[in-house]
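K.L.:
Need the 3D shape of this:
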Amino acid sequence: MRRLKKETWPFKITVENTTDGLEDWLVEKMGEFRGRWNAVYNYNKSDYYFRTQQDAVTFSLRWA
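P.N.:
Just a heads-up that it's a prediction; the model follows:
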């Protein structure tokens, strides 16, 4: 399984792959991929990584 550097992406939220519109919401609220957020896609779930705790909390309140 792929993991990202914890020093760069310290906050991780795991969600199921059944959430439509999640990527669009991330781009709208937090900017482009690998700017303030990153993702690792798996078969039945995806791990989303964030640089700041505030971004992770905002994401988890909406999607987790």
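
K.L.:
any weak-confidence spans in the protein?
P.N.:
By pLDDT under 70, the weakly predicted segments of the chain are 1.

K.L.:
ok, which stretches of it are strands?
P.N.:
Using DSSP state E, the strands of the chain run over 11-16, 37-41, 45-50.

K.L.:
Quick one: closest of those strands to residue 3.
P.N.:
When the strands of the chain are compared by Cβ to Cβ, strand 37-41 sits nearest residue 3, at 7.3 Å. All C-beta atoms are positioned from the backbone trio N, CA, C, and that covers glycine.

K.L.:
Can you list the helices and strands that that closest one packs against?
P.N.:
strand 45-50 (3 or more Cβ pairs under 8 Å, 6 or more residues apart in numbering; DSSP states H and E).

K.L.:
Go through the strands of the chain and pick out the most buried.
P.N.:
strand 45-50 (a mean of 19; mean count of other Cβ atoms under 10 Å).

K.L.:
Next, the angle from that one to strand 11-16.
P.N.:
160 degrees (axes from the mean of the first three to the mean of the last three Cα atoms, to 10 degrees).

K.L.:
Could you list the paired strands of strand 45-50 along with their orientation?
P.N.:
strand 11-16 (antiparallel), strand 37-41 (antiparallel) (DSSP bridges).

K.L.:
now the most centrally placed residue in the chain: how far from residue 7?
P.N.:
The residue lying closest to the centre of the chain (Cα atoms, centre = their mean) is residue 48, at 2.4 Å. For residue 48, the distance to residue 7 (Cβ to Cβ, to the nearest Å) stands at 17 Å.

K.L.:
what's the answer for residue 28, then?
P.N.:
Residue 28 is 27 Å from residue 7, by Cβ to Cβ.

K.L.:
If you count surrounding residues, which of these two has more?
P.N.:
Legend: neighbour count by other Cβ atoms under 10 Å for residue 28 and residue 7, higher for residue 28 (9 against 6).
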